[in-house]
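Colleague: The following comprises the amino acid sequence and a computationally predicted model.
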Amino acid sequence: MTRSLIAAALVLSAFAAPAFAATGDFKMDVKFSRASLATPEGASAEYAKIRDQVAQRCADAQQGSNKMNFTRDFQIETCTDRTLSAAVRDIANPNLTAVHKAAEG
């Protein structure tokens, strides 16, 4: 199943602002199995797959960045965290939400 998401690339520091200004909001499709979300174990597996998709999209948005590695890594992590939270919120499945809350600590 594919669900379109609009995710804002919000930033937490002045370092990240210039890089994300170029990408701004972006749209991505996240593929997941709704049937797998029926159990906590399945939701955990789907969460890992969704996180990988989001992390890859955020990393792709930083390709060719002239920023230092730690800044680029911070930008990718920030993008991934925010976009993943938006995806979980949009999918609106209790098991997936529980996995996400546990992963956030």
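Modeller: Looks like it arrived, so ask away.

Colleague: Ranking helices and strands of this structure by mean pLDDT, which lands last?
Modeller: Counting by mean pLDDT, DSSP states H and E, the chain has its least confident helix or strand at helix 17-23, which shows a mean of 33.

Colleague: Skip ahead from it and say which helix or strand is next.
Modeller: Sequence order places strand 26-31 as the next helix or strand after helix 17-23, per DSSP states H and E.

Colleague: Which strands or helices does that next one pack on?
Modeller: Based on contacts counted as 3 or more C-beta pairs under 8 Å, 6 or more residues apart in numbering; DSSP states H and E, the elements that strand 26-31 packs against are strand 2-7, helix 40-61, helix 69-91. Where you see a C-beta, it was placed from the backbone N, CA and C, and this is true even at glycine.

Colleague: now those in JSON lines, with mean pLDDT and mean neighbour count?
Modeller: Compiled in JSON lines, the helices and strands packed on strand 26-31 are given as follows (pLDDT from 0 to 100; neighbours: other C-beta atoms under 10 Å):
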{"stretch": "strand 2-7", "mean pLDDT": "43", "mean neighbour count": "14"}
{"stretch": "helix 40-61", "mean pLDDT": "95", "mean neighbour count": "18"}
{"stretch": "helix 69-91", "mean pLDDT": "89", "mean neighbour count": "18"}
